[in-house]
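1. how would this look folded up:
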Amino acid sequence: MGDEQLSVEQRNKRTLKKLLIWAVAMFGFAFLMVPFYNVICDVTGLNGKTSSTAATQVPENVVADRTVTVEFITQKGGGISGEFSSETKRVKVHPGEITLVHFFASNPTSSDMITQSIPSVTPGEAARYLHKTQCFCFDQQTLLAGERKDMPMIFYLDPEIPSHINQFTLSYTIFDVTERVAGKNNSVAVN
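-> Numbering: from 1, shown residues only. Below is the predicted model of the structure:
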């Protein structure tokens, strides 16, 4: 019976080692999924993620014989009670042409607010060809109490945009990040 018990102990240890290896592997996989997903989205334009930095090169040519319709949708996330809208709901642009669109946000409350706008493009493939040279979404925006703010966005479409993309939607959701930013500032001050 001693040999049988030792054999069971060895099997239990082996099983425990396998389970620990699997647990570590699953944790590592889950930990790496977000950066891997971001890289895949940046490379392929999947999920409609747009670049979070300004385009530095402007195209040299405009494709005058082609137009693409860009629609703008705005949404308010948690904590936003004021207005958030685009002056233009739809614009027809030539690939390579620089276009200016105005968005507006307001803060009807009696407290200052810090906001962050998150863009998304549908269909996601079009995100690869949308280049913003200036956008309120690159940085957090401060809205003073009672303020209505003009937030311009300047963009162009890559002249290489595929011919099957004739229309796409650029959606922005604005969030109140005041408490999160204040929490970061407090944690920095404490350290």
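2. the residue nearest to Gly77 when sequence neighbours are not counted: what secondary structure?
-> Residue nearest to Gly77 in three dimensions, not counting chain neighbours: Phe175, with 3.9 Å by CB to CB, 6 or more residues apart in numbering. In this view, the C-beta of every residue, glycine as well, is placed from N, C-alpha and C. Following DSSP: H, G, I helix; E, B strand; the rest coil, Phe175 is assigned to strand.
3. and for Asn61?
-> At Asn61 the chain is in coil, as set by three-state DSSP.
4. ok, back up a step: beta-bridge partners for the residue nearest to Gly77, please?
-> Gln116 (DSSP bridges).
5. what about it, how many residues close to it?
-> When neighbours are defined as other CB atoms under 10 Å, Phe175 has 18 of them.
6. ok, it touching Ile114?
-> No - between Phe175 and Ile114 no contact is recorded; they are 9.6 Å apart, counting by CB atoms under 8 Å.
7. where do the strands of the chain begin and end?
-> All strands of the chain, identified by DSSP state E, fall at 68-76, 84-86, 90-93, 99-106, 113-122, 130-134, 141-143, 148-157, 167-176.
8. buried residues in the first one?
-> Neighbour counts over strand 68-76 (16 or more other CB atoms under 10 Å) mark 68, 70, 72, 74, 76 as buried.
9. swap in the last one?
-> Counting neighbours by 16+ other CB under 10 Å, one finds that the buried residues in strand 167-176 are 168-170, 172-176.
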